[in-house]
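Q: I'll drop the sequence and a predicted model, then ask my questions.
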Amino acid sequence: MALGGNVRGNDTPPSQYDQDSTSIVNISSTAYIAGEPEVGVSVTAPSSGRVFVSVGGGVRNNAATAEQVIIGFQIFEDDPAGALYQAADDEQGVRSCGIAVSQEYQYFGMADLITTLTPGRGYYFQVVHRSVLGNGTADLSSRDIMVVPVP
């Protein structure tokens, strides 16, 4: 878009949000998984190719171990059955404290700016989670995601 040009509706598609408060307990998978029910949103990339992604949730360790759980996101082209565009990354997620005592849920959120999307293409942003140690004492609740197009 040229400086001073008219902004059209497709230049800033609507923001999308999804959440679920189902608790998922005794997580032992060290690979990222989506969980049930799945939490995710479909977004059309704006003309800038940039979106702001916010992911959050409640995390805890349910026993006296140093376990941690991570909630992150991954991106697929077009829809959930499309090609994986960006895999989940531990640095783009929220993580429980991992102290060696049983904890109550703690709620965290994080934000990231994705700058490499193809303008006008559809993408699916999916919330995923994993256990760090795999010992089955990681729990989560209240997963959420918000994707906001950025000019």
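A: Structure's in. What do you need?

Q: Need the pLDDT of the most centrally placed residue in the chain.
A: Ranked by distance to the mean C-alpha position of the chain (CA atoms, centre = their mean), the top residue is residue 73 at 3.0 Å. Looking at residue 73, its pLDDT stands at 97.

Q: Any figure for the gap between it and residue 142?
A: Note on residue 73: its distance to residue 142, by CB to CB, to the nearest Å, is 15 Å. C-betas here are computed from N, CA, C, even on glycine.

Q: excluding its backbone neighbours, what's nearest the residue nearest to the centre of the chain?
A: residue 55 (5.0 Å; CB to CB, 6 or more residues apart in numbering).

Q: could you say which helix or strand contains that neighbour?
A: strand 50-61 (DSSP states H and E).

Q: Tell me where the model's unsure across this protein.
A: Residue ranges of the chain with pLDDT under 70: 1-11, 98-102.

Q: where along it do the strands fall?
A: When secondary structure is read from DSSP state E, the chain shows strands at 16-20, 24-27, 40-44, 50-61, 69-77, 84-86, 94-95, 106-114, 122-131, 138-150.
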